[in-house]
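> Please work out how this folds:
(one chain, ligands or ions: 1)
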Amino acid sequence: MPTDSSANLPQAPAGTPVQRAASLLWRAAQPDRRHIWVGLFWLAIAAGLDALGPVLGKAFIDRYLLPRNPDVAAMLGLLGGALVAGSVASLLRYFQLTRLAGAAMRSVQRIRESVYGHVLRLPMAFFDTAITGQLVSRVTNDTEAVKQLYVQVLFVMLDAVIMLTTLLVTMTFLDWRLMLIVATLVPAVFGIVFLYQRMSGPAVTRTRELRSHLNAQTAESIAGMAVLQATGATATYSQRYADINEAHLASRQSELRANAWLLRPALDLLNVAMLAVVIGVFGLRETSGGLSAIEVGVLYAFVSYIGRVVEPLIQLTMQFSQLQQAVVSAARVNTLLEEAEAPRPAARGQVTEGRVSISHLNFAYQSGVPVLKDVSLDVKPGEFIGVVGPTGSGKSSLLSLLLRFYPVTDGSLCIDGQPIADLDEAAFRTSVGLVPQDPFLLAASVRENIAMGRVLTDEEVRRAATSAGAHEFIERLEHGYETVLGEGGARLAVGEKQLVAIARALAGQPRILLLDEATSHIDTATEQVVQRALAALHGQLTIISIAHRLSTIRDADRILVLSHGQIAEIGPHDALMAREGGIYRRLVELQQLGTTDVA
Ligand SMILES: Nc1ncnc2c1ncn2[C@@H]1O[C@H](COP(=O)(O)OP(=O)(O)OP(=O)(O)O)[C@@H](O)[C@H]1O
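Numbers count the residues shown, from 1 in each chain. From the prediction side, this is the model:
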């Protein structure tokens, strides 16, 4: 699985969620910062050219139109100048916004890769409580919302701020008193935005939360469809979905109400009021001092500017709801990125023989609730250990520690004499193969399912499949190793999936093979194939196998019986069977009677 560590973003500094979200955006945009500065520079030039138009118009009115001074060449020059300035400004804006949008999309690509890579490196303990749908939503929807922030909001808004500043500066030169009146638009619009934010902010957050719940429930229901349908829970789930959906609609509507009632109408009203005030002030000056030609030109320029000032302000405010959503999303993405990754030991220890030494190992998921108690065990290289015990006795937890999914905190767990935490990650994963209870097949070819992204030759894949006893049935598929399996390997029988999973574990040529109840789902014939595969591997690599079907571990060198997190019995099958009243003997007898699997 590709985890491109170069896509990692630097660590986020501490701060409020908004600051952290902003910092995430800035960090992701770093490689493109030259584009951003160049883009902003040319946007400032475009704003200057835009502001030039009314200045030229004012000169046209003041110098030639009102004084009735028909200098055609000069008049055409001014009109042509205004036209050229406007056209160049539009072209510049087009090219620079395209440049900035490109930088934005690359930044989001970086964030998405970084989030995905980060999720892949999170410790297994994180996934004990994480909800799949929400995580998926974080990687896809939230990063998409961040894209909106960059593309639509940030650059449109930056453009608007540059435009606004340039216009206010130009107006100051024309008539600073009128400029002050126009400048009151800024606090007025921000006041409206503040009110809008107060009214719609909680609704925006709630809408996103509810959407995330909808995603989570959909993902959960699809994953557990068999259980939902078998228990007749579909009606309850439909109702629950409908309730959340209803709440989502209500929340979305209250967002829209704030938008429709407050934002646009209030801003349009401001525009009209400002025109009235500027013309009114102009009229008052006229009654007090008489209208001069120069003032008429200024009035023209100001009337043009008011429209242009209001537009960026409206842009700023209209983008505000998106900004809020995107900041919430960016903050959530950042929170996920701040989850501590599974420690990657700097040590470079290697697995050589596959010797496992466990000494006084204690383990608990929650403090005060021990799951493994004082477990000590030495497994020689090439030894085959079967692990049995009732449900909840700690078998899978022992395997999780052997897989380094959880850190060893009490006691010691060494492989080839080195604490498990000191082994090099890549070497460790190559040397320790896992056949999980659920084979987890990808919707890809058999070959890809065995190779799992590792660079393996056809011969290596074939050898692994042969060792697992999977080669024969794979050859019978219509395209052999290139046959594409459906989602979750839907087209294979359960036992065949197990065999592919065993082949996958063997393909890395591990020194230690861990099996978690890998034979619990398979029929007796396939069970014998798996048993033969294990028998063939016996002695070549260390095998630790949790078993439901005791027959699969009958030939193990030693069988470990766990009970309440402790080793209750240990020894070869015959020795354990010889124990009067022993747990293992009782379990075998029960299974022979066919009353139960050992669970
Ligand atoms: N991720 C977890 N977080 C908290 N508690 C857990 C977690 N996984 C297992 N447990 C608890 O730890 C105890 C041991 O569970 P474990 O899965 O290791 O037993 P097991 O012997 O493998 O059982 P089974 O045969 O049913 O798989 C149980 O009480 C279980 O509820």
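
> which residues touch the one residue sitting closest to the centre of the chain?
Central residue of the chain (CA atoms, centre = their mean): residue 139, 2.2 Å from the mean position. Counting by CB atoms under 8 Å, 6 or more residues apart in numbering, residue 139 touches 112, 115-116, 119. C-beta here means a position set from N, CA and C on the backbone, and glycine is covered the same way.

> what about the stretch 351-500 of the chain, any weak spots by pLDDT?
Within the stretch 351-500 of the chain, the ranges that satisfy pLDDT under 70 run 487-490.

> quick one, helices of it?
For the stretch 351-500 of the chain, the helices defined by DSSP state H, counting those that start in this stretch occupy 395-402, 425-431, 446-451, 458-468, 471-476, 494-507.

> List the buried residues in the longest one.
Going by neighbour count (16 or more other CB atoms under 10 Å), the buried part of helix 494-507 is 495-507.

> need the residues of the stretch 51-200 of the chain near the ligand, please.
Residues of the stretch 51-200 of the chain lying near the ligand by CB under 6 Å from any ligand atom: residue 128.

> which element is the residue in the stretch 51-200 of the chain that the ligand sits nearest to on?
Going by CB to the nearest ligand atom, the ligand is nearest to residue 128 of the stretch 51-200 of the chain, at 4.0 Å. Element membership for residue 128, per DSSP states H and E: helix 124-129.

> list the buried ones in the following helix or strand past that helix?
With elements assigned by DSSP H and E, the helix or strand that comes after helix 124-129 is helix 132-137. Across helix 132-137, burial judged by 16+ other CB under 10 Å covers 133-137.

> Serialize those to TSV and add fields for pLDDT.
Listed next are these as TSV, based on pLDDT from 0 to 100:
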residue	pLDDT
133	77
134	80
135	82
136	85
137	82
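
> what's the closest of these to residue 461?
Taking CB to CB as the measure, residue 461 lies nearest residue 136 of these, at 30.4 Å.

> what's the distance between the closest one and residue 148?
Residue 136 is 19 Å from residue 148, where distance means CB to CB, to the nearest Å.

> cool, and residue 506?
Counting by CB to CB - residue 506 and residue 148 are separated by 47 Å.

> Any residue of stretch 421-436 touching the ligand?
No. Against the ligand, stretch 421-436 shows no contacts by CB under 6 Å from any ligand atom, the least distance being 11.4 Å.

> Can you measure across that stretch, start residue to end residue?
Stretch 421-436 stretches 22 Å from its first residue to its last (CA to CA, to the nearest Å).

> Give me the residues contacting that stretch.
343-345, 347-351, 354, 399, 402-404, 407-408, 415, 420, 498, 501-502, 504-506, 508-516, 518.

> rerun that using 6 Å as the cut-off
Contact partners of stretch 421-436, identified using CB atoms under 6 Å, 6 or more residues apart in numbering, comprise 344-345, 347-351, 501-502, 505, 508, 510-516, 518.

> ok, residue 517 - contacts?
Contacts of residue 517 (CB under 6 Å, 6+ apart): 437, 546, 548.

> The same query, at a cut-off of 8 Å, please.
By CB under 8 Å, 6+ apart, residue 517 lies in contact with 437, 546-548.

> Now neighbour count too, for these, in CSV please.
CSV is the format used below for those (neighbours: other CB atoms under 10 Å):
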residue, neighbour count
437, 18
546, 26
547, 23
548, 18
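
> Filter those down to the ones in strands?
residue 546 (DSSP state E).

> And the contacts of residue 517, which is closest to the ligand?
Distances from the ligand to these, taken by CB to the nearest ligand atom, are shortest for residue 546, at 6.7 Å.

> Mind listing the residues bridging to the closest one?
residue 387, residue 516 (DSSP bridges).

> Can we start the residue count at 7 from this point?
Renumbered: residue one is now 7, and that last one reads residue 552.

> Please verify my assumption that it contacts residue 402.
Yes. Using CB atoms under 8 Å, residue 552 is in contact with residue 402, at 6.9 Å.

> Please enumerate the shared neighbours of these two.
residue 522.

> nearest to residue 284, of the helices of the stretch 357-506 of the chain?
Closest to residue 284 of the helices of the stretch 357-506 of the chain is helix 431-437 (CB to CB; 68.5 Å).

> In the closest one, which residues are buried?
If you call a residue buried by 16+ other CB under 10 Å, then helix 431-437 has these buried ones: 434-437.

> Could you export those as CSV, including distance to residue 249?
CSV is the format used below for the buried residues of helix 431-437 (distance: CB to CB, whole Å):
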residue, distance to residue 249
434, 46
435, 44
436, 49
437, 50
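
> of all those residues, which comes closest to residue 336?
Compare each of these with residue 336 using CB to CB and the shortest gap goes to residue 435, at 32.6 Å.
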